[in-house]
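Quick one, structure for this:
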Amino acid sequence: MNRTLRLNWRRSAEDIAKRTTAYLSWQDELVQSICDMQQDDVGFEQVKQLAYLDAKIARESIEVVLPAFCASNDPAVRSASMEAKTKLLSMWQSRAQNRKLYDKLKNVTCPAGAGPQDQRLLNVMFKQFEKNGAALSEELNGKVTALREEQAQLCGEFEQTINECTDSVKLSESEVKDLSPSQVSKLSTTEQGQLEVGLKFPEVFPLLTTIKDEGVRRKLDVARLSRCPDNLNRLSKLLKIRHEAATMLGYGSHADYMMDGRLAKSSESVREFLTSTLDLLRSKAQAQVETLAAFKAQLMAEEDGVTAGVKPWDVHFLTKKQKEELYSYDDVAVSEYFPLPHVLQGIFDMYSELLGVEFEELDDDVWDESVRMFQVTDQATKEVLGYFFLDLFPRDGKYSHQCVLPITPCFVDEDGTKHLPAVAMVGNFPKPTEDQPQPLLRHTQVETLFHEFGHVMHGVCTNSKYSLFSWAWSAVPWPGGVEYDFLETPSMMFQNWVWEVPVLQMLSSHVETKLKLPTELAEKVISARQHNKAWAESRYMALALVDLELHSSDVHADTAMELYNKYMKQYGLLDIPDDDTAHFLSTFYHLVMGYDAGYYSYAWSEAYSDDLCLEFKTSDQGLLNPVLGRRFRDCILEPGATVAGTDMIRRFLGREPSTDPFIKRLLSDS
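Next up is the predicted model:
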């Protein structure tokens, strides 16, 4: 039992099922009691009762949701946890579709003396009702409810299939001859003496960047992108269900449905943003591809079986080699300056100075021995703001990418007790080993860690009266959080810090000599930031466009991959062979993690973040300006979702936001 949060991380499968049933019962009882009231007796008090119960269930239900994500080594417990998450998601969706409840509440207004969060609670709750079909006829409402339940089930199965996948590729010693002894030592050996490579990205990426033999890289990359084939059928059903539900709700498409309430406002504005930016990048991106193809021809001139052009399995390898040649530094050598423990401490020190907070590690119960728990307090007042966990290393059955997971929301309950927020950084960084007890991070991993810690600070600094406005996203089933196309803005702004020499030197300490990253080497790393950036951004935006178009019409899985290949060739300038058998979309987490028709939001958020970052860069004290940092905490982090994202940005900037810094950086060579 975690003493600080009073939560149990080790629920059995039976206990998870029992507690989930209890949560559903609590919700049903409250909803029924409100529906049974006389209309004249229904008021804002009933809206608050629903909000209080949301917070209570959100806080307690992490015990049943967390195991599927990262907290259990038992497949049966993970399965029960995923089922619990699906049921809870359906519970909240069903309430938002409840016609009787909506009819009882639709004329409620805030009483005199109510605060802005009370009015926003009412506005958001009514928007949820209307957006989810509570105002539809009973027949249509029932159809939408059934579709939503099926969607939740399919999303859960899609996600769990990826998490549980342990596919691997077996290679001979000759096929890994380019790897260092340290890299080889991390691979498992089969009884037949072959080396086994797991296909989750943290395991396979070092091979894709190091092995020169194109045939081996192709084998690894195609295998990596051919996992979980059954998910293509699930995707086909999901796309159909989402489109059908959206049209029943009066939207032209699922994309239009998802944009309702976001900063972008419409799918057309997103399409225009993506295609216009792609047009601006095209000539520069095309030149970068041609230069890389010429580099490949020269580099691989003596190799057998080399294809023309830059293929998907070439991207990481050629990019690394070209950067080494152009900027005269070795990414592996640079990683020796970034041992994980020191990088973490450096991140703590910087965020502490910038935001006026302190971190203290707690000795408390966690869900795995590798997990660490911290308390965050305000430097000036010593008030505890919240808590976070670091779960940084891969395990079987664990979420296999990088994210920050809401653990408990921030809220004030009905007796006036304030509950503090808690979040967990769930990562897949290199594990400590006997040979390398301090894992070494590539600069891109340092950037990722800095980015994810921005989410941690956003979650922990949130100060909201209702859980609906606490930091959250759809990795958890409860409703809450900022607009999706604002969610990444703070963390994307913070990741700019790792492209500054003083910051890199604060984060660095050579694993053996303890020396800081030399200024000359730091400048080389920074000069490589824009290396093939136009093409990289084009590939990302092409994928965002794929996601948007998949959800803009009734597309099926057999044409989904055709659309993916077409757009990645046309907009992403990726040379995908006609006989390619990979199916990237079957392991594309974002399609089922709340980013459906929302993958664009990274670029949308980045456009805002570059404008915010410019305030720091042009200030007298630069990026580590504590006065601006505290203002950023007050204006952007602390409000959570109590204020619209664009209003927060205007408040911080004192003007309308601009995308000019974003476009200028994308087109820049430095």
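
which ones are touching the spatially closest residue to residue 80 that is not a sequence neighbour?
Ranked by C-beta to C-beta, 6 or more residues apart in numbering and with sequence neighbours excluded, the top spatial neighbour of residue 80 is residue 13, at 3.8 Å. Where C-beta positions appear, they are placed from N, C-alpha and C, glycine not excepted. For residue 13, the residues meeting the contact criterion (C-beta atoms under 8 Å, 6 or more residues apart in numbering) are 74, 76-77, 79-80.

Selection in ChimeraX covering whichever of the residues you listed are buried, please.
Here is the ChimeraX command that picks out the buried ones among the contacts of residue 13, judged by 16 or more other C-beta atoms under 10 Å:
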select :77,79,80
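
ok, now which ones touch residue 636?
The contact partners of residue 636, by C-beta under 8 Å, 6+ apart, come to 489-490, 612, 648-649, 652.

tell me the contacts of the closest residue to it other than its chain neighbours?
Once flanking residues are discounted, residue 636 sits nearest to residue 648: 5.2 Å by C-beta to C-beta, 6+ apart. Residues counted as contacts of residue 648 (C-beta under 8 Å, 6+ apart) are 486, 635-636, 639.

Any stretches of the stretch 301-450 of the chain with poor pLDDT?
Confidence mapping of the stretch 301-450 of the chain against pLDDT under 70 gives zero matching residues.

still on that earlier bit, what mean pLDDT would you report for the helix or strand that contains the residue nearest to residue 636?
Per DSSP states H and E, residue 648 falls inside helix 645-653. Mean pLDDT, helix 645-653: 96.

quick one: which of the contacts of residue 13 sit in helices?
76-77, 79-80 (DSSP state H).

Got phi/psi on residue 404?
Per-residue torsions, residue 404: phi -120, psi 130 (degrees, to the nearest 10).

can you tell me the distance between the two ends of stretch 570-579?
From its first residue to its last, stretch 570-579 covers 17 Å (C-alpha to C-alpha, to the nearest Å).

Pull out the buried residues from that stretch.
When neighbours are counted by 16+ other C-beta under 10 Å, the buried residues of stretch 570-579 are found to be 571-576.

among these, which two are most distant?
571 and 575 (13.3 Å; C-beta to C-beta).

List the buried residues in whatever helix or strand residue 203 lives in.
Assigned by DSSP H and E, residue 203 belongs to helix 201-210. Buried residues in helix 201-210, defined by neighbour count with 16+ other C-beta under 10 Å: 202-210.

What is the host helix or strand of residue 345 packed up against?
For residue 345, the element it lies in under DSSP H and E is helix 340-355. Taking 3 or more C-beta pairs under 8 Å, 6 or more residues apart in numbering; DSSP states H and E as contact, the helices and strands that helix 340-355 lies on are strand 357-362, helix 443-461, helix 501-507, helix 626-632.

of these, which approaches residue 264 most closely?
It's helix 443-461; of these, that one is closest to residue 264 (C-beta to C-beta) at 19.9 Å.

got the angle for that closest one vs helix 201-210?
Taking axes from the mean of the first three to the mean of the last three C-alpha atoms, to 10 degrees, one finds helix 443-461 and helix 201-210 inclined to each other by 150 degrees.

Can you name the next helix or strand after helix 443-461?
Elements were assigned by DSSP H and E; along the chain past helix 443-461, the next helix or strand is helix 484-487.

Pull the residues that contact the helix or strand that that following helix is followed by.
Per DSSP H and E, the first helix or strand lying C-terminal to helix 484-487 is helix 489-494. Among residues not part of helix 489-494, those counted as contacts by C-beta under 8 Å, 6+ apart are 450-455, 457-458, 602, 605-606, 608-610, 612-613, 632, 636-637, 645, 649.

Just want the phi and psi numbers for the residue nearest the centre of the chain.
By C-alpha atoms, centre = their mean, the mean C-alpha position of the chain lies nearest to residue 403, the distance being 4.8 Å. The phi and psi values for residue 403, taken as degrees, to the nearest 10, are phi -170, psi 170.

Ok, the one 4 residues further on next?
Recorded main-chain torsions at residue 407 are phi -100, psi -60, according to degrees, to the nearest 10.

Quick check: chain neighbours aside, which residue is closest to residue 380?
Residue nearest to residue 380 in three dimensions, not counting chain neighbours: residue 356, with 6.5 Å by C-beta to C-beta, 6+ apart.

Can you get me a residue count around the one you found?
Neighbourhood size, residue 356 [other C-beta atoms under 10 Å]: 17.

ok, now the one 10 residues further on?
Using other C-beta under 10 Å, residue 366 has 18 neighbouring residues.

was I right about it contacting residue 387?
No. In this structure residue 366 lies outside contact range of residue 387 using C-beta atoms under 8 Å: 11.2 Å.

Show me whatever sits in contact with both of the two.
residue 373.

re the thing from before, can you tell me which of the contacts of residue 636 comes closest to residue 312?
Sorting these by distance to residue 312 puts residue 489 at the head of the list, at 30.0 Å, by C-beta to C-beta.

what about the spatially closest residue to that closest one that is not a sequence neighbour, is that helix, strand or coil?
Leaving aside its sequence neighbours, residue 489 sits nearest to residue 605 (C-beta to C-beta, 6+ apart; 4.2 Å). In the three-state summary, residue 605 is assigned as helix, counting by DSSP: H, G, I helix; E, B strand; the rest coil.

just residue 314 next, same as before
Secondary structure of residue 314, reduced to three states by three-state DSSP: helix.

and if you look at the one 10 residues further on?
Following three-state DSSP, residue 324 is assigned to helix.

right, and it touches residue 332 too?
No. Residue 324 lies out of contact with residue 332 (C-beta under 8 Å); the separation is 9.6 Å.

quick one: buried residues of whichever strand or helix holds residue 524?
Here residue 524 is covered by helix 519-527, with elements defined by DSSP H and E. By neighbour count, with 16+ other C-beta under 10 Å as the criterion, the buried positions of helix 519-527 are 521-522, 524-527.

ok, those vs residue 431, which is closest?
Top of the list for closeness to residue 431, among these and by C-beta to C-beta, is residue 525 at 24.4 Å.

The closest one reaches residue 334, doesn't it?
Yes. Residue 525 is within contact range of residue 334, at 6.2 Å (criterion: C-beta under 8 Å).

what touches both of those two?
Between them, residue 525 and residue 334 have 443, 517 as joint contacts when contacts are counted by C-beta under 8 Å, 6+ apart.

In contact with the residue nearest to residue 380, which residues?
378-380, 626, 629-630, 633.

Now do the phi/psi pair for it.
Per degrees, to the nearest 10, the backbone of residue 356 is at phi 70, psi 40.

circling back to that earlier point, can you convert the contacts of residue 356 into JSON lines and add a column each for neighbour count and distance to residue 225?
Output for these, formatted as JSON lines (neighbours: other C-beta atoms under 10 Å; distance: C-beta to C-beta, whole Å):
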{"residue": "378", "neighbour count": "15", "distance to residue 225": "46"}
{"residue": "379", "neighbour count": "14", "distance to residue 225": "47"}
{"residue": "380", "neighbour count": "9", "distance to residue 225": "50"}
{"residue": "626", "neighbour count": "14", "distance to residue 225": "45"}
{"residue": "629", "neighbour count": "22", "distance to residue 225": "41"}
{"residue": "630", "neighbour count": "16", "distance to residue 225": "45"}
{"residue": "633", "neighbour count": "21", "distance to residue 225": "40"}
